[in-house]
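*Asks:* Let's see this in three dimensions:
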Amino acid sequence: MTISRRQILAGFSSIGAAALIGCGPRSDQGRKDADVIVIGAGLSGLHAALMLEAAGLSVIVVEAADRIGGRMMTLDHLPGAPEAGGQQVGQTYARVRARAAEAGLEFAPFPPNGYGQVLALGDDLIAAEDWADHPANGLPEAWRSIPPTRLFFSLAARANPFEDVYAWMDEAAAASDIAARDWLVGQGANEEALRLMEVALNARDLSTYSMLNLFRSLAIYAQERGLGGSERLTGGSQRLPEAMAATLAGDVRLNSAVGAIEADEGGAMAQMQDGARLRSDFIVSSLPFPVLRGLAVDAPFSPRQRDAVGEMAYTPIVQLHLEAETPWWERDGLPPEMWTDSALERVFAQRAADGAPTGNLVCWLDGLGGLSADAMADAELQAMAQSELARLRPASEGRVRLRHVQRWTASNALAGGAYMHYQPGQAPAWGGKISDPAGRLHLAGEHMGELHTGMEAAMEAGERAALQILEAAGA
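*Replies:* Here you go, the predicted model:
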């Protein structure tokens, strides 16, 4: 965290900030509430706030929710405190790891899976080792040995044209910016392969997902693998943003929703939904774009930024956190974890340190499955989960209850989805081209990451916004 801001700025494009140095809000000189208002108390906003305070600027962080963390969410009220948001910390997550070290937080490997996973297609329960020759396997002959859990990623990894994490922003990358469905058909996918790859997709559907997005992610993962596996924060992922917020000198105001933002080259103002007006020299918005597009924003966005704010897609995910009242998997002798083509999609089991299942399960419903689940009330989701589990695993009947539903979807007004992804045509237009400030409004958040995804993308973008402000302020 001691690297010179000018060293880092040398790696960023010029923001043309010289004309702004020393300026304050044109109509509000002398009566600003802080030098910077940061909107959003997730990793990105808090990282920016800490950097700005360290340079001597005053900061107020406003957060619409009643808790710190954004999409870092640990369910402390459930046994074992399972994660409902980000949890995997890669070895290249330098900013995340540095902030964790400052807070005295520690990392640990994920517990091993000592019991395996079963595939459930239709009414068939299939052991992974039996998949290649199973009658339910309708994949093209050359792909039959690839389990559906890895099918899409395996095919893409074989053909990834990106040699490093920068390549996706090159002009040549546009050649791979086609819909995943079209690319897969070109590779020889039949309808059964397409159907299976639509399950648990990290997007809405194959037709609206750019292969460039996946190739980019795979290049980032390849860099990660060379350094070791991902780890988890002991005590829960949410402990990191909570610790970061606790070290800020300025206010972190919860239950403080923004309704409007004004920003030009002279200053900025956040209009709160309770009527308060917070004036500052700069604003950092770490809001996901589905949330930002719902606000009244008066700022000089570039055409690319305007398009990105209005159109960027986010993966819909619904999590069903279940508690097994008895270890019913011991009765049928099968692993509790499943990959299914049912409404449950993927079923994961929380593990003790030795890999043994604890009795807490979570179903991850992504993409089209997440949209279907999001249209259901919690009571309907409980009935569906119990019914589907009982159909697939009769030993579970009457032994599972729903403890928590987490909706990372458009119905979650504070998130809009789980994480961003590019649709065809978007990455070549926006990649590395929407990070300049819009007047005194600076954009941060996971969706603004260029060289990382997930938590580190959020930190990367928060850092960029902070450095832009420090350069403009001459701090």
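*Asks:* can we go C-alpha only for contacts and neighbour counts from here?
*Replies:* Will do.
*Asks:* can you map out the helices along the stretch 151-300 of the chain?
*Replies:* Secondary structure of the stretch 151-300 of the chain (DSSP state H, counting those that start in this stretch): helices at 151-159, 180-187, 191-198, 211-225, 239-246, 289-292.
*Asks:* Now the third one: buried residues?
*Replies:* Buried positions in helix 191-198, judged by neighbour count with 16 or more other C-alpha atoms under 10 Å: 193-194, 196-198.
*Asks:* and which of those is nearest to G56?
*Replies:* Checking the buried residues of helix 191-198 against G56 with C-alpha to C-alpha, the nearest one is E198 at 49.4 Å.
*Asks:* Just send the helices of the stretch 151-300 of the chain back as TSV, with distance to P135 and mean pLDDT too.
*Replies:* Shown next, in TSV, are these (distance: least, C-alpha to C-alpha, whole Å; pLDDT from 0 to 100):
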stretch	distance to P135	mean pLDDT
helix 151-159	18	97
helix 180-187	23	98
helix 191-198	13	98
helix 211-225	30	94
helix 239-246	47	98
helix 289-292	43	98
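*Asks:* Check the buried residues of helix 191-198 and tell me the two furthest apart.
*Replies:* The span of the buried residues of helix 191-198, defined through C-alpha to C-alpha, is set by A193 and E198 at 8.6 Å.
*Asks:* Which one, of the helices of the stretch 151-300 of the chain, ends up nearest to I39?
*Replies:* Comparing the helices of the stretch 151-300 of the chain under C-alpha to C-alpha, the one sitting nearest is helix 289-292, at 10.2 Å.
*Asks:* chain center to the closest one: distance?
*Replies:* With C-alpha atoms, centre = their mean, to the nearest Å as the basis, helix 289-292 stands 14 Å off its chain's centre.
*Asks:* And for stretch 264-279?
*Replies:* Stretch 264-279 sits 28 Å away from the centroid of its parent chain (C-alpha atoms, centre = their mean).
*Asks:* Next, the distance between the ends of that stretch.
*Replies:* End-to-end distance of stretch 264-279 (C-alpha to C-alpha, to the nearest Å): 12 Å.
*Asks:* swap in stretch 201-208?
*Replies:* Using C-alpha to C-alpha, the two ends of stretch 201-208 sit 11 Å apart.
*Asks:* Next up, the contacts around R71.
*Replies:* 42, 85-86, 415, 418 (C-alpha atoms under 8 Å, 6 or more residues apart in numbering).
*Asks:* returning to what we had before: E63 is nearest to which of the helices of the stretch 151-300 of the chain?
*Replies:* helix 239-246 (11.3 Å).
*Asks:* could the contacts of R71 go into JSON lines alongside distance to L295 and pLDDT?
*Replies:* Shown next, in JSON lines, are the contacts of R71 (distance: C-alpha to C-alpha, whole Å; pLDDT from 0 to 100):
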{"residue": "G42", "distance to L295": "18", "pLDDT": "98"}
{"residue": "G85", "distance to L295": "24", "pLDDT": "97"}
{"residue": "G86", "distance to L295": "25", "pLDDT": "95"}
{"residue": "A415", "distance to L295": "13", "pLDDT": "97"}
{"residue": "A418", "distance to L295": "19", "pLDDT": "98"}
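*Asks:* what sits up against stretch 121-129?
*Replies:* Contacts of stretch 121-129 (C-alpha under 8 Å, 6+ apart): 117-120, 134, 136, 147, 340-342, 391-392.
*Asks:* For the buried ones among these, write the corresponding PyMOL selection.
*Replies:* To isolate the buried subset of these in PyMOL, counting by 16+ other C-alpha under 10 Å, use the following:
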select buried, resi 117+118+119+120+147+340+341+342+392
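*Asks:* Filter the contacts of stretch 121-129 down to the ones in helices?
*Replies:* Among the contacts of stretch 121-129, the members falling in helices (DSSP state H) are 391-392.
*Asks:* Tell me which two of the contacts of stretch 121-129 sit farthest apart.
*Replies:* Top of the distance list for the contacts of stretch 121-129 (C-alpha to C-alpha): P147 and R391, 22.2 Å.
*Asks:* quick one, which of the helices of the stretch 151-300 of the chain is nearest to A379?
*Replies:* Using C-alpha to C-alpha, the helices of the stretch 151-300 of the chain put helix 191-198 closest to A379, at 26.0 Å.
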